[in-house]
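# Quick one: sequence plus predicted model below, questions after.
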Amino acid sequence: MIMPSHPVIRIIALCLSVLWTGAPCQGTDPPIREWIRQLSIREDIHFRNLQDVTEAIAQLDSGARCEAFSRLEDMKPRSKRFHIRINLLKSSFIVNLQTCPEWQSRDLVVRDALRLAYELNDTVLIAEVNRHMVNFY
């Protein structure tokens, strides 16, 4: 590529070439299976796995984020812990006004997570879901 001599034109040309070739992480699929594994784990000390997945999904643009959530749910993991944590993820994104069109209200999402936590009789998850519920009101 021949670079123009004027500095401003050089910067514009460089930016256009980067845009044309795409950023290194564009076009890569999110690690759906890894996220499912992280969200399904029995003991997530200090909710580190949940936080890691939340941060990774938050980096996606709105279309990719909704696609990632759809793909996560389409894999239909059997783990109730996964479903509890995916609902907590949705709750967090709903609070930040980053929803997807097919999502239910935050109230329904958190209530479903609470029901599942009680079915597991997991006091740590029950407490975490209740914290999300309290933050709603």
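Looks like it arrived, so ask away. What you are looking at is a predicted structure, and each value in this text was computed from that prediction instead of being measured.
# Tell me where the model's unsure across this protein.
Scanning the chain for pLDDT under 70 picks out the ranges 1-28, 136-137.
# and Ile57, how far is that from Val95?
Using C-beta to C-beta, to the nearest Å, Ile57 is found at 14 Å from Val95. (Glycine included, C-beta is placed from N, CA and C.)
# More neighbours: which of the two?
Of the pair Ile57 and Val95, Ile57 is the one with more neighbours under other C-beta atoms under 10 Å, namely 19 against 13.
# ok, and for the helix or strand containing that one, which residues are buried?
Taking DSSP states H and E as the definition, one finds Ile57 inside helix 48-58. When burial is assessed from 16 or more other C-beta atoms under 10 Å, helix 48-58 yields the following buried residues: 49-50, 53-54, 57.
# How far away from the center of its chain is that helix?
Relative to its chain's centre, helix 48-58 lies at 6 Å (C-alpha atoms, centre = their mean, to the nearest Å).
# what's in contact with that helix?
30-31, 35, 38-39, 41, 44, 65, 68-69, 85, 88-89, 92-93, 98 (C-beta atoms under 8 Å, 6 or more residues apart in numbering).
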